[in-house]
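**Q** Sequence first, predicted coordinates after that:
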Amino acid sequence: MVASSGLVVALLVAGCAGEGGAAGPNAARDTLGRALVLTGGQPVASDPTKAARAAGLFKEACDGGEPTACAYYGMVLEAGAGGVARDPAQALALFQRSCDGGFALACPEAGARLERGAGGKRDYAAAAHAYEIGCAAHLPAACTALGVLLEAGLGVPADLPRAVALHKGACEARSALGCTHFGALLQAGRGVPADVKRARELHTLACSAAVATGCTNLGTLHEAGLGGSVDLPRAVELYQQGCTGGDAQGCDALAGLYAQGLGVRADPARAAELAQKACDGGSASGCSNLGLLLDGGAGVPVDHARAARLYQLACDGGAATGCHNLAIMLESGEGVPRDVPRAANLYQEACDRGHAASCHNLGLLYERRTFGLYEQACEAGWAPSCVTYADGLLDGRGGKKNRVKAVEELRHACKLGAEPGCARLKELGEKP
C-alpha cells in the first residue's frame, strides 16, 4: 500500500481502541470497526468482495465524522482498490481532513503528498500546516519534515535555527530520518559547527535502518571524499539504494553520475530516466536537471518548451538552478518568447538564494541596460554620456567591442565641448 506499515498499524490501533485521534460518533466508530474486521486491519482486504464492502464502510464512517476512517478511505482511493476508482486528489483531501479532524498520524502522510504534488499542484504552505499539526502531536516524522521546509523557506519563512532544533529533536526521539537530516546540517556546517565524522555516523545509521534519504546522504560523502577517500562506485551503489527506496534526491544524484560518466559508463538516456523519476518524486533539482537534458538534447529529444516548464517547476520548488536556467532562456529568447524583465526577476531570485552565476548575470544585464541609457543620452546631445558610452564600446560593455564607433562618439563629445572626450581621443592617437 501507499501508506507505511507503521501508519497502517497505528490506524488499526486507533480504529479499534479509539486512540490517536478525536473520537467520532459511536455509530461511525462501530462502522470503522466492522470495516477493519473485514480487512484484517489493512486498508484493502485480499478478498475482492470483502475489499469492496470495507471500502463502503470506510467511506460511511468517514462521512459520519470518524477521522481515522478518512485516512483509511484515502488509502483505498489512492490505490484504486475495493472496486473504487483511483482518485489521488480525493485521497489527498481525505488525508488532510483526517489530519485536521484530529488524527495526527495522517498529518505527515498529507504533508508528503502536498509536497510532491500528489493529487494536484504542490502546495508547500499546506504541507507545512499539516506537518505543524503532526509535530505538535510529537510525531518525529512530521517535525523533521517541517524542518526541511524551514531550511529552504518553502511554504514558510526560512528559519534555520528552528530547523536544526527540529531535526536534532527528531533524531533524539530515535527517528532515523531526523538523524540523517541533522547529519546533512553537520556535513555542511549549516546552523551547527561542521562535523563530517558525526554526519557520516548519522547517515550510516539511517541507511542501515532502511531510510532511503540516509543512503543518499551517505552517498554524497563517498562522491565528494568527505571524511574519507573518493569512492564513486560506492556512491553509485548508495544513490541507487536511495532511489530504489523512494528518495527522489537519490535518483537525481544518480542521474548526475550517469550524465557525467562518473563511477558508471556515461548513459544520457539513463540519466534522463532517473532525472524524470526524481522530478516526479518531488526533487526540484531533479526537475532542473531534466530540463538541462531536454535543453541540450542529451539522451532525450530537444524540447525547449518542456525544459522551460521544468525550470519553472524547479524554481518554485526552491532550486536556484531552475530559476537561473529559465532566466537564461528568457534573456536570450531561445526556445521561449524573450522576456528580459522576467529574466531579471529570476536572476534576482536565484541570486538571493546564493546562486553566484545568477548574481553575475544580473549584474551584466543591468550593465547592458545602463549602457543603453548612456547611448540614448548621447544621442540626445549629453556629452558626458557620449564619453561613457565610448568607453563602453572600447572595452566591450553591453556587447562587442567597437573602436570605430567609440572614436566617432568621442569626436561627437569633443565637438560638444566635453574635454574628457578630446583627451580620450588623444590617448587613442586619434584626431578630434
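**A** Now that the structure is in, tell me what you want to look at.
**Q** How much space separates the residue positioned nearest the centre of the chain from Ala248?
**A** A centroid search over the chain (Cα atoms, centre = their mean) returns Ala284, at 3.1 Å, as the residue closest to the centre. Going from Ala284 to Ala248 by Cβ to Cβ, to the nearest Å gives 9 Å. No exception for glycine: its C-beta is placed from N, CA and C like everyone else's.
**Q** With Val211 instead?
**A** 14 Å.
**Q** Please read off the pLDDT at the residue nearest to the centre of the chain from the model.
**A** Ala284 is assigned a predicted lDDT (pLDDT) of 95.
**Q** quick one: buried residues of the longest helix along the chain?
**A** Criterion DSSP state H: the longest helix present in the chain is helix 356-379. Within helix 356-379, the residues scored as buried using 16 or more other Cβ atoms under 10 Å are Ser358, Asn361, Leu362, Leu365, Arg368, Phe371, Tyr374, Glu375, Ala377, Cys378.
**Q** Would you format these as TSV with distance to Gly399 included?
**A** Below are those laid out as TSV (distance: Cβ to Cβ, whole Å):
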residue	distance to Gly399
Ser358	21
Asn361	15
Leu362	17
Leu365	13
Arg368	7
Phe371	8
Tyr374	13
Glu375	10
Ala377	17
Cys378	15
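**Q** quick one on the thing from earlier: after the longest helix of the chain, which helix or strand is next?
**A** helix 383-395 (DSSP states H and E).
**Q** Now do the SS call for Pro157.
**A** With DSSP: H, G, I helix; E, B strand; the rest coil as the basis, Pro157 sits in coil.
**Q** From Glu151, how far off is it?
**A** Distance from Pro157 to Glu151, by Cβ to Cβ: 12 Å.
**Q** neighbour-wise, which of these two wins?
**A** Glu151 (22 against 7; other Cβ atoms under 10 Å).
**Q** Look up which helix or strand the more buried one falls in, please.
**A** Glu151 belongs to helix 140-152, assigned by DSSP H and E.
**Q** Buried residues, that helix. List them.
**A** 140-152.
**Q** ok, residues contacting it?
**A** 104, 107-108, 111-112, 115, 124, 127-128, 130-135, 155-156, 158-160, 162-164, 166-167, 169-171, 173-175, 177-178, 181, 185, 190, 318 (Cβ atoms under 8 Å, 6 or more residues apart in numbering).
**Q** Need the nearest residue in space to Leu166, chain neighbours excluded.
**A** Gly147 (3.6 Å; Cβ to Cβ, 6 or more residues apart in numbering).
**Q** now Ala145
**A** Counting by Cβ to Cβ, 6+ apart, the residue nearest Ala145 is Tyr131, at 4.9 Å.
**Q** contacting residues for that neighbour?
**A** Tyr131 touches Cys107, Pro108, Gly111, Ala142, Cys143, Ala145, Leu146, Leu149, counting by Cβ under 8 Å, 6+ apart.
**Q** From Gln96, how far off is the fifth one?
**A** Between Cys143 and Gln96 the distance, using Cβ to Cβ, works out to 19 Å.
**Q** Kindly report the same for the third one.
**A** Counting by Cβ to Cβ, the gap from Gly111 to Gln96 is 9 Å.
**Q** on that earlier part again, list residues touching both of Pro157 and Glu151?
**A** Between them, Pro157 and Glu151 share no contacting residue, judged by Cβ under 8 Å, 6+ apart.
**Q** next helix or strand past the lowest-mean-pLDDT helix or strand in the chain?
**A** Least confident helix or strand of the chain, by mean pLDDT, DSSP states H and E, is helix 5-17 with a mean of 47. Following helix 5-17 in sequence order, the next helix or strand is helix 26-39 (DSSP H and E).
**Q** what is the mean pLDDT for that following helix?
**A** Mean predicted confidence for helix 26-39 is 93.
**Q** What of stretch 295-303?
**A** 93.
**Q** In this protein, where is pLDDT below threshold?
**A** When residues are selected by pLDDT under 70, those of the chain lie in 1-25, 398.
**Q** Domain parsing of it, as residue ranges.
**A** 266-354, 371-427 (automatic domain parsing).
**Q** pull the CA atoms of the helix or strand where Cys171 lies into CSV?
**A** Assigned by DSSP H and E, Cys171 belongs to helix 160-172. Presented in CSV, the C-alpha positions along helix 160-172 are these (Å, rounded to 0.1, in the frame of the first residue of the first chain):
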residue,chain,number,x,y,z
LEU,A,160,17.4,27.6,10.1
PRO,A,161,17.7,27.6,13.9
ARG,A,162,14.3,26.0,14.3
ALA,A,163,15.1,23.5,11.5
VAL,A,164,18.2,22.5,13.4
ALA,A,165,16.2,22.1,16.6
LEU,A,166,13.5,20.0,14.9
HIS,A,167,16.0,17.7,13.1
LYS,A,168,18.0,17.2,16.3
GLY,A,169,14.9,16.6,18.4
ALA,A,170,13.6,14.1,15.9
CYS,A,171,17.0,12.3,16.0
GLU,A,172,17.0,12.2,19.8
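**Q** what sits up against it?
**A** 135, 140-141, 143-144, 146-148, 150-151, 177-179, 181-182, 185, 190-192, 202.
**Q** How about stretch 236-249?
**A** 116, 207, 210-216, 218-219, 222, 250-251, 253-254, 257, 263-264, 274, 277-283, 285-286.
**Q** Identify each buried residue in it, please.
**A** Val236, Glu237, Leu238, Tyr239, Gln240, Gln241, Gly242, Cys243, Gly245, Asp247, Ala248, Gln249.
**Q** Spatially, which two of the residues you listed are the most separated?
**A** Glu237 and Ala248 (17.9 Å; Cβ to Cβ).
**Q** Which residue comes closest to Arg198 once chain neighbours are left out?
**A** Leu186 (5.3 Å).
**Q** wait, that neighbour sits on His203?
**A** No. Using Cβ atoms under 8 Å, Leu186 is not in contact with His203; the gap is 9.6 Å.
**Q** More neighbours: those two, which one.
**A** For the pair Leu186 and His203, the greater number of neighbours falls to His203 (30 against 24), based on other Cβ under 10 Å.
**Q** Gly225: neighbour count?
**A** Gly225, neighbours per other Cβ under 10 Å, totals 12.
**Q** same deal with Arg342?
**A** Arg342, neighbours per other Cβ under 10 Å, totals 15.
**Q** Please identify which helix or strand holds it.
**A** Applying DSSP H and E, one finds Arg342 within helix 340-352.
**Q** buried ones in that helix?
**A** Applying 16+ other Cβ under 10 Å to helix 340-352 flags Ala343, Ala344, Leu346, Tyr347, Gln348, Glu349, Ala350, Cys351 as buried.
**Q** Using CSV, write out every CA atom in it.
**A** What follows is helix 340-352, C-alpha atoms only, in CSV (Å, rounded to 0.1, in the frame of the first residue of the first chain):
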residue,chain,number,x,y,z
VAL,A,340,14.2,40.4,-20.2
PRO,A,341,12.3,41.9,-17.2
ARG,A,342,11.2,38.4,-16.1
ALA,A,343,14.7,37.1,-16.6
ALA,A,344,16.0,39.8,-14.3
ASN,A,345,13.5,38.8,-11.6
LEU,A,346,14.5,35.2,-11.9
TYR,A,347,18.2,36.1,-11.7
GLN,A,348,17.5,38.1,-8.6
GLU,A,349,15.5,35.3,-7.0
ALA,A,350,18.4,32.8,-7.7
CYS,A,351,21.0,35.3,-6.5
ASP,A,352,19.1,35.8,-3.3
